[in-house]
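Chemist: just the structure for this:
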Amino acid sequence: MTREGDPEALVVMSREAFDAQFDAARIARLRRIASVPDPLWTADPTDPALADRLAGVEVLLTGWGAPQLDADLLGRMPRLRAMLHCAGSVRALVSPEFWERGILATSAAEVNSAPVAEFTFAAVIMAGKKAPFIAADPASRRLNGLTADRYGELSNFGRTIGVVGFSRIGRRVVDLVRQLDDVTCLVADPFADPEEVAAAGGTLVALDDMLPRVDVLSVHAPELPSTRGMIGAAQLTALPDHATVINTARGSLIDTPALERECASGRLNAILDVTDPEPLPVDSPLYDMPNVMITPHLAGSLGSELFRMTDAALDELVRFAKGLDPREPVTQESIRLSA
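Modeler: This next block holds a predicted model:
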């Protein structure tokens with residue numbers, strides 16, 4: 001039972017997302033925090049049968065599969081004051097009318113960055129030992145580790161790691177790689193504060209200065225028109241022989257044909273959790289290269305990790321109900337430089 005004055009809430013996301021993110025315990029917590037008349041959830045807020053329900057909604061908890069909150073849909077929710085997103089980017093959900101209404105938006109992007117950074121750190125370590133490439137190459141995997149070095153030196157000691165983009169995930173990766181012995185972490189980001197980078201354990205440099213120095217290049221920039229293809233033929237050519245390119249951000253940040261050429265020659269290795277296009281065509285040569293490891297967008301929150309994002313959104317709902325400032329607000333200005 002909810003108390004008088006609790007904000008009226010509605011969950012809007014796909015059935016698949018709802019089933020994955022709201023178990024009985026989290027539904028019970030939602031009902032303790034907010035007033036939640038039936039239905040608690042919908043995948044289609046444009047359904048005319050929901051007209052009365054939408055009229056009273058003050059808070060939406062959104063997720064994957066939620067539609068854009070455009071002028072028409074917002075017009076059906078005159079009392080809406082907050083959209084608390086149970087996932088990462090809200091870019092596809094907001095509209096000019098959303099910002100004009102002054103509606104609060106929050107995101108679970110910060111907690112979603114944790115598994116991506118963990119995946120990336122594991123990829124950095126595997127890249128150092130060249131393990132994915134040796135495992136995929138029948139000739140190399142039969143060799144002793146002391147001689148299986150056709151993909152470069154097998155070591156994580158004294159490495160130089162390049163992080164492109166001091167984003168939420170980039171910051172976590174910089175912090176994690178400090179665990180490696182005698183590691184140098186270089187960061188390229190035109191908007192980053194050198195002191196913040198240094199505090200995280202990195203050194204801020206220009207991208208062109210970074211590229212010739214790294215053993216591993218890990219990409220963490222947002223997907224924006226200005227960042228499309230930012231790692232192109234010239235940038236890949238500048239990397240040392242046997243460097244490994246890791247992409248757990250967005251496939252469009254790397255020029256796919258240029259990467260194909262470098263990996264086909266055997267000069268570079270790649271670990272790709274995202275590609276451009278995604279998925280790659282079935283006849284892409286990248287699939288058959290032993291020095292390329294491709295995973296189907298696994299780095300972000302999956303399985304039980306999804307509950308972490310739900311919990312973050314429910315925490316924001318608690319703060320909203322108490323009149324407190326949100327922990328992870330999204331503004332019209334901040335969204336221009338974020339994924």
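Chemist: so where does Glu196 fall, helix or strand?
Modeler: Assigned by DSSP states H and E, Glu196 belongs to helix 194-200.
Chemist: note down every partner strand of the next helix or strand after that helix and its orientation.
Modeler: Remark: after helix 194-200, the chain's next helix or strand is strand 203-204, criterion DSSP H and E. Counting by DSSP bridges, the strands paired with strand 203-204 are strand 184-188 (parallel).
Chemist: could you dump stretch 198-218 to CSV, C-alpha only?
Modeler: Taking Å, rounded to 0.1, in the frame of the first residue of the first chain, the C-alpha atoms of stretch 198-218 are listed here in CSV:
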residue,chain,number,x,y,z
ALA,A,198,46.0,12.1,-13.7
ALA,A,199,43.9,11.4,-10.6
ALA,A,200,42.5,8.3,-12.3
GLY,A,201,45.9,7.1,-13.2
GLY,A,202,46.3,8.3,-16.8
THR,A,203,48.2,10.9,-18.8
LEU,A,204,46.3,13.2,-21.1
VAL,A,205,47.9,13.4,-24.6
ALA,A,206,46.8,14.3,-28.1
LEU,A,207,45.5,11.3,-30.2
ASP,A,208,48.2,11.7,-32.8
ASP,A,209,50.8,11.6,-30.0
MET,A,210,49.2,8.5,-28.4
LEU,A,211,48.9,6.2,-31.4
PRO,A,212,52.6,5.3,-32.1
ARG,A,213,53.2,4.6,-28.5
VAL,A,214,50.5,2.1,-27.5
ASP,A,215,50.4,-1.7,-27.3
VAL,A,216,46.6,-1.7,-26.9
LEU,A,217,44.2,1.0,-28.1
SER,A,218,40.8,0.9,-26.4
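Chemist: where do the strands sit along the stretch 51-200 of the chain?
Modeler: Remark: strands assigned in the stretch 51-200 of the chain by DSSP state E, counting those that start in this stretch are 59-62, 82-85, 104-106, 160-164, 184-188.
Chemist: looking at those, which is closest to Leu259?
Modeler: strand 160-164 (14.1 Å; Cβ to Cβ). Every C-beta, even on glycine, is put in place using the N, C-alpha and C of the backbone.
Chemist: and the closest one, what does it pack against?
Modeler: In terms of contacts (3 or more Cβ pairs under 8 Å, 6 or more residues apart in numbering; DSSP states H and E), strand 160-164 is packed against helix 168-177, strand 184-188, helix 207-210, strand 216-219.
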